[in-house]
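K.L.:
Structural data only, the sequence is not supplied:
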């Protein structure tokens, strides 16, 4: 197996960026982020989760079951705060909508 110079350059560049970001985190030490940054960082996990989930909702031909499942799972997650319950409800709603649609 050979690696082209373009791929090697990409791999080395990304490795360097990852290494530098980790070193930067270590160099910060026990310093506290400014309040505005701390508030913004509070929303990073939600934004990352949305970035992973939203593209999967708009699959052609499966929009209705996926949106119904997401809505059901979201309601259960907000009401009970249990991830396992939200996953079960999301799967059940998805299967039920698909079965009702005959697909």
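P.N.:
Everything's here; your move. Just so it is clear, the structure is predicted and the values come from calculations on it, not from any experiment.

K.L.:
Contacts for stretch 73-82, please.
P.N.:
Residues from elsewhere that reach stretch 73-82 (C-beta atoms under 8 Å, 6 or more residues apart in numbering): 83, 85, 86, 87, 89, 90, 93. Yep, even glycine has a C-beta here, placed from its N, CA and C like the rest.

K.L.:
so the fourth one, which of the three states?
P.N.:
When you say that, I think you mean residue 87. helix (DSSP: H, G, I helix; E, B strand; the rest coil).

K.L.:
residues in contact with it?
P.N.:
So residue 87 contacts residue 73 (C-beta under 8 Å, 6+ apart).

K.L.:
Now find how far off-centre the lowest-mean-pLDDT helix or strand in the chain is within its chain.
P.N.:
Least confident helix or strand of the chain, by mean pLDDT, DSSP states H and E, is helix 44-57 with a mean of 88. Computed by C-alpha atoms, centre = their mean, to the nearest Å, the chain-centroid distance of helix 44-57 equals 4 Å.

K.L.:
What's the first helix or strand after it?
P.N.:
helix 63-80 (DSSP states H and E).

K.L.:
just the contacts of stretch 73-82 now: which is nearest residue 57?
P.N.:
residue 90 (11.4 Å; C-beta to C-beta).
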